[in-house]
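> Here is the input, now give the coordinates:
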Amino acid sequence: MTGRRRFQIGLFAALVVATQVAASAAGKGFFLTQLTMSAYYTLAVLGLSLLMGYAGQISLGQAGFFAIGGYTSAALTTLDLAPQRGSALVAALARLHLLSSRADLYGGLVLSVSPWAAFAVAVLLGTAVAVALGLPLLRLRGHYLAMATLAFGTIVSSVAVGTAALGAADGISGVPPFAVLPGLRVGGEAADRLENYYLAWGLVALAMLLLLNLVRSRAGRALAAIHGAEDAARAMGVDTGKLKLQTFVLSGVLATVAGALLTHYNGGIGPSEASVMKSVRLVAIVAVGGMGSLWGTLSASAVLHFLSLRGYFGSYDDAVFGAILVLVMLFAPDGILGADLRSLLARLAAGRGSPGEEA
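Next up is the predicted model:
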């Protein structure tokens, strides 16, 4: 890791600490709940930023991977296996220490898959779906790829809404906390608020470190070549298909991890997390931060998701993100943080036109 990258991560860590201290000092400790949720959404957005900004692949199915992670972990950790304790499968899982037990609201025993095992299954499933989906779809380009990934997201959303085992329109509730380490668990209890805040943003910092190292490596330069001119990159010996698939899988895995962890933090998941508008929202945030700017995407995601979760956009939440996407594409296609102010003002003036132009 270079000195510049070390400085960037250190500055980010200092900002995370300063935000927590400021919130606590102002008596707004409850803000940490929305900030923690924003961190998990940011994890999913960063994967999409890599896919769109560096590999040049437009995906409208990121929410699908997010939902796969959340629903898989939720379904396995809430499935009561106590009535099947005598079966060979449950006995084998118990011997492998893949089950956990807890008491329900009425004092009865609930036996289910442990959060660690459910998390592992969720990540493996997300990876397998990304590979199976990426192999045929990444032969497409531009709006064809966008439409294909949109179809994937629509399928996941329909399955979530129409499957009784996944709670249908009500989703899954009662998801237990995820004990990541002794004394550290992903859960929504007020007593764990501070630990969860630092855990979530620590994961974002690790993801940033991974992605920054990746984009500045040989593979990252190859991705930039694919984004600029895929045919030329292939002619120069770059294995474009392999790189695009690897990037697509990494993006999907980050979303899967984020979905699983946020589900444990919230204690449940609903079909809105798999909706098409959720994917559009993630794309809008990448556009705001700048297609090729990981730091810009992180900043835009943290701010916009926090404002949304605090309810500042009200019932116009989806409309706001749709409008943001349109405005950014029209006036700041390189992202707000990377926009040239003079160029932006010139575009606004040109769009308004002079009074004598219609004569």
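> Please name the residues that touch Phe248.
Shown in contact with Phe248 (Cβ atoms under 8 Å, 6 or more residues apart in numbering): 51, 55, 57, 59, 130, 133-134, 138. For every residue, glycine as well, the C-beta is placed using N, CA and C.
> before we move on, what about Arg216?
Counting by Cβ under 8 Å, 6+ apart, Arg216 has contacts Arg5.
> how near is it to Leu223?
11 Å (Cβ to Cβ, to the nearest Å).
> thinking again about what came up before, scan the contacts of Phe248 and report the most crowded one.
In terms of neighbours by other Cβ atoms under 10 Å, the contacts of Phe248 top out with Ser59 at 31 neighbours.
> In CSV: the contacts of Phe248, plus secondary structure.
Shown next, in CSV, are the contacts of Phe248 (DSSP: H, G, I helix; E, B strand; the rest coil):
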residue, secondary structure
Leu51, helix
Ala55, coil
Gln57, coil
Ser59, coil
Ala130, helix
Leu133, helix
Gly134, helix
Leu138, coil
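> Include distance to Ser251 and pLDDT when you put those into JSON lines, please.
Listed next are these as JSON lines, based on distance: Cβ to Cβ, whole Å; pLDDT from 0 to 100:
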{"residue": "Leu51", "distance to Ser251": "4", "pLDDT": "92"}
{"residue": "Ala55", "distance to Ser251": "8", "pLDDT": "86"}
{"residue": "Gln57", "distance to Ser251": "9", "pLDDT": "87"}
{"residue": "Ser59", "distance to Ser251": "7", "pLDDT": "91"}
{"residue": "Ala130", "distance to Ser251": "8", "pLDDT": "96"}
{"residue": "Leu133", "distance to Ser251": "11", "pLDDT": "94"}
{"residue": "Gly134", "distance to Ser251": "10", "pLDDT": "92"}
{"residue": "Leu138", "distance to Ser251": "12", "pLDDT": "82"}
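> All the strands of the stretch 151-300 of the chain, in order from the start?
For the stretch 151-300 of the chain, the strands defined by DSSP state E, counting those that start in this stretch occupy 172-173, 178-181, 184-186, 268-269.
> so of the ones you listed, which one's packed in deepest?
strand 268-269 (a mean of 24; mean count of other Cβ atoms under 10 Å).
> For it, give me every contacting residue.
Contacts with strand 268-269, where a contact means Cβ under 8 Å, 6+ apart, come from 67, 70-71, 74, 171-175, 259, 262-263.
> Over to stretch 199-213?
Outside stretch 199-213, the residues that reach it (Cβ under 8 Å, 6+ apart) are 1, 5, 8-9, 12-13, 16, 35-36, 39-40, 42-43, 46-47, 50, 180, 184, 186, 254, 257, 261, 265, 294-295, 298.
> can I get the strands of the stretch 151-300 of the chain in JSON lines with distance to Ile336?
Converted to JSON lines, the strands of the stretch 151-300 of the chain look like this (distance: least, Cβ to Cβ, whole Å):
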{"stretch": "strand 172-173", "distance to Ile336": "36"}
{"stretch": "strand 178-181", "distance to Ile336": "35"}
{"stretch": "strand 184-186", "distance to Ile336": "32"}
{"stretch": "strand 268-269", "distance to Ile336": "31"}
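> Out of these, the one nearest Ala160 is which?
Smallest distance to Ala160 across the strands of the stretch 151-300 of the chain (Cβ to Cβ): 8.6 Å, for strand 268-269.
> Show me the shaky parts of the protein.
Applying pLDDT under 70 to the chain flags residues 1, 105, 337-359.
> got a list of what the residue positioned nearest the centre of it touches?
By Cα atoms, centre = their mean, the chain has its centre lying nearest to Ala44, at 1.5 Å. Counting by Cβ under 8 Å, 6+ apart, Ala44 makes contact with 62, 65-66, 254-255, 258-259, 282.
> Filter these down to the buried ones and hand me the PyMOL line.
Written as a PyMOL command, the selection of buried residues from the contacts of Ala44, which uses 16 or more other Cβ atoms under 10 Å, is:
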select buried, resi 62+65+66+254+255+258+259+282
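> With distance to Leu304 added, can I get the contacts of Ala44 in JSON lines?
Compiled in JSON lines, the contacts of Ala44 are given as follows (distance: Cβ to Cβ, whole Å):
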{"residue": "Gln62", "distance to Leu304": "15"}
{"residue": "Phe65", "distance to Leu304": "20"}
{"residue": "Phe66", "distance to Leu304": "16"}
{"residue": "Leu254", "distance to Leu304": "18"}
{"residue": "Ala255", "distance to Leu304": "17"}
{"residue": "Ala258", "distance to Leu304": "16"}
{"residue": "Gly259", "distance to Leu304": "18"}
{"residue": "Leu282", "distance to Leu304": "10"}
